[in-house]
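Participant: Based on what follows, work out the 3D shape:
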Amino acid sequence: QVQLVESGGGLVQAGGSLRLSCAASGSIFSIRTMGWYRQAPGKQRELVATITSALITNYTDSVKGRFTISRDNAKNTEYLQMNSLKPEDTAVYYCYANLWPSVAARPYDYWGQGTQVTVSS
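Facilitator: Numbering: from 1, shown residues only. You can find the predicted model right below:
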């Protein structure tokens, strides 16, 4: 059973930093794109950042220069370093991975359970 497990959310003051982690576990053949999405109350889920297996990154404009996505392929883990946090970054953050389970014929999308990030002003 493949699953993504997140950690690292919490409460921080504006201007502070948090680091989110997401570990993929189970029998995995390969992991392609990984990423982070977030959903604020009353809003749709939005893309925050993605990183490919070749370490090519992409960010939504509102986090460029403040957030950094990275991954450790040996550990099947991705990270989101969030600096200079703002109250508008408050949301539930979900990790995402397009990965190929060992027993499957093709890759599938997987999601973490979500972790709350709250930035106080």
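Participant: For the rest of this, base every contact and every neighbour count on C-alpha atoms.
Facilitator: OK.
Participant: Run a quick neighbour tally on Gly65.
Facilitator: By the criterion of other C-alpha atoms under 10 Å, Gly65 has 11 neighbours.
Participant: quick one: low-confidence parts of the protein?
Facilitator: Within the chain, no range satisfies pLDDT under 70.
Participant: any idea which helix or strand carries the residue with the largest distance to the centre of it?
Facilitator: Going by C-alpha atoms, centre = their mean, the residue of the chain most distant from its centre is Ala105, 25.2 Å out. Using DSSP states H and E, Ala105 sits within no helix or strand.
Participant: Return the backbone torsion pair for it.
Facilitator: Backbone torsions of Ala105, given as degrees, to the nearest 10, read phi -90, psi -10.
Participant: Grab the most central residue of the protein for me.
Facilitator: Nearest residue to the geometric centre of the chain (C-alpha atoms, centre = their mean): Trp36, 2.9 Å.
Participant: What helix or strand is the nearest residue to that residue once chain neighbours are set aside located in?
Facilitator: Distances taken as C-alpha to C-alpha, 6 or more residues apart in numbering place Cys95 nearest to Trp36, at 4.5 Å, with adjacent residues excluded. For Cys95, the host element (DSSP H and E) is strand 91-101.
Participant: what number of residues lie near Gln39?
Facilitator: By other C-alpha under 10 Å, 19 other residues sit near Gln39.
Participant: hmm, back to that, quick check: can you name the pairing partners of the strand holding Cys95 and their directions?
Facilitator: Sheet pairing of strand 91-101 (DSSP bridges) gives strand 28-39 (antiparallel), strand 108-111 (antiparallel), strand 115-120 (antiparallel).
Participant: With Ser62 as the reference, name the closest of those.
Facilitator: Nearest to Ser62, of all these, is strand 28-39, at 12.3 Å by C-alpha to C-alpha.
Participant: I would like the residues contacting that closest one, please.
Facilitator: Outside of strand 28-39, the residues within contact range by C-alpha atoms under 8 Å, 6 or more residues apart in numbering are 2, 45-53, 69, 76, 78, 80, 91-102.
Participant: Secondary structure class of Ser62, three-state.
Facilitator: Three-state assignment for Ser62 (DSSP: H, G, I helix; E, B strand; the rest coil): helix.
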